[in-house]
Each structure stands twice: as C-alpha cells, then as structure tokens.
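Q: Sequence plus the predicted model coming up.
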Amino acid sequence: MALLTVWTAHHALVVSDWDSETTGRLSFVWLGMFVLFAIQVALYHLDRPTRISARTQERLSRLHVSILMPVYNEDPGYLKLGLESFLQQSRRPDSVHVVDDGSTTTEYAEVRDWWLQAAWQAGVHTTWQRVPNGGKRHAQAHGVEASPDADVYITVDSDSYLDPRAVEEILKPFSKRRVQSVAGIVIATNNHGPARPVYTPPPGHGSRKVVRQARRKHRKAVLYWRSSQLLARTTDLWFVTSQMVDRSGQSTVGAVMVNSGPLAAYRAGVVRDNLGSYLNETFMGRGVAFSDDSMLTLYAQERGLTVQQSTAIVFTAMPERWNHFGRMYLRWMRGSTIRSIWRMRYLSMARPAFWLHTMRWTQMVLTQMITIWLLVVEPVAYDNMPPLSMLWIPFLLGWAQGLRYLGIIRTDERIRSRFLTWLMMPLAIIMAWTWFRWLRWYGIFTCAKTGWGTRQNGAEVSLAGGAPSAQLPQPTPAAPPAAVYATSDPWDENSVTQAQQYWPPVASAP
C-alpha cells in the first residue's frame, strides 16, 4: 500500500505541471479520485477496536443485554448452532428472545424444547414466540416488547453463530456515551461452500447405461460444487474486505452507514423510541420489508456515533448458489437506494455520516463516468484505446486492501487456505465490475420493489447434522414449568400475548 501511495503521489506531482505533454483530459478527475482514495486509506488504517479498563468493564456488566433473534424458514441446524453460541459467551446475554415469524416449513419443536431447557439451566432468561408472519421488523418488535428493561439490544440473524467473545467485545464501545450503535464483523461459516458430493454407484448390477448416467450425474454435481466453492470464497473475501476497509474507515469518524444483520448492538432507546416509524416505513406508497439494519443505523446516526468493533466477530451462512446471492445482493442495492434518499433528507450536515455518504456517491459517479469515458468515448472520439494500466492497477489495489482479510485468523482454517482465497481477489474485482455493477444499477432503478426475495420456500443454505454440542445441558425428563405458547400478535391492541417463558431460579444462575 505504501509503494502504491508513493507511486500515485509521484504521478500526481508530474501532472500538476498542467502542460500539454503531461495533462490529459481526465487529470482533474484522476486527482479528485486520488484524494478520495487517500482519505479512505488513511481512515481505515486509523480504525482501532475499543479497549476498556477493568472498572469500565464492571460497569458494562451491569447493563441488561437482550438478544433479538427473528426466525423464518431457517435451517434447524444453523438455528441450533446460533442458539448454542449464546450460552458459550464469555459475557452471556441477560435475555434472549426468539420469535418464529410464522415459518411455513417447520415449527422447530425439537430445537425449541432443547433451547428452553438449555437456557433455563444456564440461567439465561428466554422467550420463544410463534406469531403470524409480519416480516423481520415485526418479529424484532415482539422481542422488544418482551424485554422492556433492556439497556442494549443485540440483533442477530437466525443463522448467526457468535464468536465466544462477541457479546463482550461489542459492548465495549458503549463505554462512550455518544456511541449509539456498534457493528460486528461478519465472516462466512460456509466460506468453502457445501460439502463435496460423494459418488454413489447404482444399486445391484446396473447396466452400463445406468452406470454412465450415474457418473455423468456425479460429474455435474462436482462441477456445481466447484462453482459453489468459488462463489463462497470470493464472496467471503469481498464481504470481509469491504467491512475491514470501507466500514472501518467510516467507523474512525463514528459514521458507520450500515450495520450487519448477523451482529449489531443498539442502545435500547434507539430501537424503542423509533419503533412506530420502523414498523411502518413506506417508500412510494409501499411498505418497506427489507433494509432493516440500515434503518436502525440511521436512527442511531441521528442521535450520535455509529461505530464498528472489529474484535466482535460472528459467523453466518452465506449463499452457496449464484442465483441466491444475486437475489440477496439485489435486495441490498434496492434498500441502499432508499436509505440513501433518507440520509440526504434526514441527516444533519453537521454529522460526519452526511459527508461520508456524499463522498461515497461522488466516488461512485466518478468511477462510472471514468469507465464509460475510457471504454467508449476515448476509442470512438479520440481513437485512443483504454490504457493497459486498467488491467493491473485495480488488481494491485485490491490485493493491497485485501491484506486486511488476512488479519482475521480462523481456528477452523489454515492460513494457507486463507492466502489462497486472498489470491482470488482479481476474480472478486471482476465480479464487482460486471455482475455487482449491473445489479447495483438495476437495484437503483427498481428500488420500488420492496419485497424480501429469499427464503419464501424454506432455507436456501443448510447445515449438515445440527445436533447440539455434548458440552451443553441436554433436555431431561424433568421438564421446566409449563407455559402458554404464543400465537397472537401483541401489536394488535385487541390481543394479548403470553410467550413461552422460563425464569431460572436465582440459585441456579451461573
């Protein structure tokens, strides 16, 4: 990065003479892009996770921390994995509120019974509600209603698996009064894609034709597996690097734009005071069902600082099919467009987030203009082919910024495997130039389509097995006290919800 900065600075000094031999038609644009890039590099290198004293840690330990987990058509294996991680925290949450948002594939009876017993034995207050389908925001609202005494809400997705110190780490920035929300770092649980398919020979003594068909089917499955593995590696590289570069730069000035759904924390007032607006957001006369994390982040930006804690890490299930990822990314881009309009409308110009948001859009527009100019205008109008530097400079920059990806060490992966993923940065950049760019602009022009787009027919990523760890307390014949199982909507003033609750005895608290 230092070498590239020196080279770019030298180039800027050369063209600053502004004579006919060194000045091109895009010199001013190149200089502006360099300044924006230099600011971004400086900001994300200045980002540091919050460290606190033992006295401050003791003060944070008195906060009531409540985890909100909406569930809709989730794979039971991933759901069990996430719930298990709550009990393995170095700083356990005070309460966990699971809301099944009217899943159509299962009622999670086995997972529910196991979790309620395990949480009861671990001394964690929990509720489990099953409510009519109303969307993720309404499911979170049910959890908020069930935890009126919370000081901090931690929002997670139903496929989130928290690192053992995630809760402890994500609370540390709240030692500063101005901090209103904290984003965690999201990495892929399935960063190598699905398991390799195993060839199963035909039963008995099948004919040659049957054997050939079985082998052909296996070869197709292997090709699909390699494609899924390629997608998993490149998206994990792209997603982690963007958090460690773009979002780390925003965090330096307290202006994180979007918290991630798998792990984010908010002061309770940010959520409670804006719940009516959160549940009833509309755009062009239509209710908005997605972009919930960025909406909560916007509420937090209006009150104070929004930061990222790079030591608070969560694993999550990323798409393993190209069409699944495309639908997810398109939803993100549509939500990003709506949220950009809201930031311009509601954020004060005194907030760093407003100016970072403006700089981001300026950078994106300039990038599109330069690309079109070099690929279309220069060859047609001036008979100049695009410079060869377009083929290698972006890759060098990508590899340099991608070094941040290697800064996160996983105990389930060798460093050489992560290095191999880092080498795939050119592929991630090509995807960003082509597929991602097309989805971005398509999402901008179709932002009025506010549907969710995924998981309507069940979980699209599954975890093999999914049995709870033997280290956790397992259900016993002596069940806890019985309770009423909720099926009503508490946001209907004519109904009353009684959630399934287990309050552990004080003596059994850890």
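A: Noted; the coordinates are in hand.
Q: going forward, measure contacts and count neighbours with C-alpha atoms only.
A: Will do.
Q: now the strand of greatest length in the chain: mean pLDDT?
A: Among the segments of the chain that qualify as a strand by DSSP state E, the longest is strand 305-316. The pLDDT scores in strand 305-316 average 94.
Q: Stretch 140-149 now?
A: 94.
Q: Give the burial count for E145, as a bare number.
A: 14 (other Cα atoms under 10 Å).
Q: Dihedrals phi and psi, T127?
A: phi -130, psi 150 (degrees, to the nearest 10).
Q: how much space between the closest residue to V253 other than its chain neighbours and D113?
A: Using Cα to Cα, 6 or more residues apart in numbering and skipping residues adjacent in sequence, the residue nearest V253 is P352, 6.8 Å away. The gap separating P352 from D113 is 47 Å, by Cα to Cα, to the nearest Å.
Q: between these two, who's got more neighbours?
A: Neighbour tally, P352 and D113, criterion other Cα under 10 Å: the higher count belongs to P352, 18 against 14.
Q: Read off the pLDDT value for R455.
A: Reading off the confidence values, R455 has pLDDT 61.
Q: so the residue nearest to V253 touches S251, yeah?
A: No: using Cα atoms under 8 Å, P352 is not in contact with S251; the gap is 10.3 Å.
Q: tell me the strands in the stretch 151-300 of the chain, going along the chain?
A: 152-155, 161-162, 179-188, 264-267, 282-283, 286-287 (DSSP state E, counting those that start in this stretch).
Q: Serialize the ones you listed to CSV and add fields for mean neighbour count, mean pLDDT and distance to Q213.
A: Formatted as CSV, the strands of the stretch 151-300 of the chain follow (neighbours: other Cα atoms under 10 Å; pLDDT from 0 to 100; distance: least, Cα to Cα, whole Å):
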stretch, mean neighbour count, mean pLDDT, distance to Q213
strand 152-155, 24, 97, 47
strand 161-162, 28, 94, 40
strand 179-188, 26, 95, 34
strand 264-267, 26, 97, 48
strand 282-283, 14, 88, 51
strand 286-287, 14, 84, 49
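Q: any low-confidence regions in the stretch 1-150 of the chain?
A: 1, 11-29 (pLDDT under 70).
Q: ditto for the stretch 201-350 of the chain
A: Looking at the stretch 201-350 of the chain by pLDDT under 70, you get 204-206.
Q: and A470, what pLDDT?
A: 35.
Q: Count the neighbours of T235 for me.
A: T235 has 23 nearby residues by other Cα under 10 Å.
Q: my guess is it contacts A428, does it?
A: Yes: look at T235 against A428 with Cα under 8 Å: they come within range, at 7.3 Å.
Q: For A146, give me its contacts.
A: A146 makes contact with H97, T127 under the criterion Cα atoms under 8 Å, 6 or more residues apart in numbering.
Q: Distance check, it against I338.
A: Distance from A146 to I338, by Cα to Cα: 30 Å.
Q: so what's E320 closest to, chain neighbours aside?
A: Nearest to E320 is S228, by Cα to Cα, 6+ apart, at 5.3 Å.
Q: Surely the one you found touches A195?
A: No: judged on Cα under 8 Å, S228 makes no contact with A195 at a distance of 9.9 Å.
Q: residues in contact with N133?
A: The contact partners of N133, taken as Cα under 8 Å, 6+ apart, are D101, G102, S103.
Q: host element of the second one?
A: Spelled out, it's G102. Under the criterion DSSP states H and E, no helix or strand holds G102.
Q: quick one: which helix or strand includes the nearest residue to V245 once chain neighbours are set aside?
A: The shortest distance from V245 to any non-neighbouring residue, by Cα to Cα, 6+ apart, is to Y44 (5.6 Å). Y44 belongs to helix 27-46 when assigned by DSSP H and E.
Q: Please identify the buried residues of that helix?
A: Neighbour-count burial for helix 27-46, counted by 16 or more other Cα atoms under 10 Å, picks out W30, L31, M33, F34, Q40, V41, L43, Y44.
Q: Repeat that for stretch 374-392.
A: So for stretch 374-392, counting by 16+ other Cα under 10 Å, buried means L374, V376, V377, P386.
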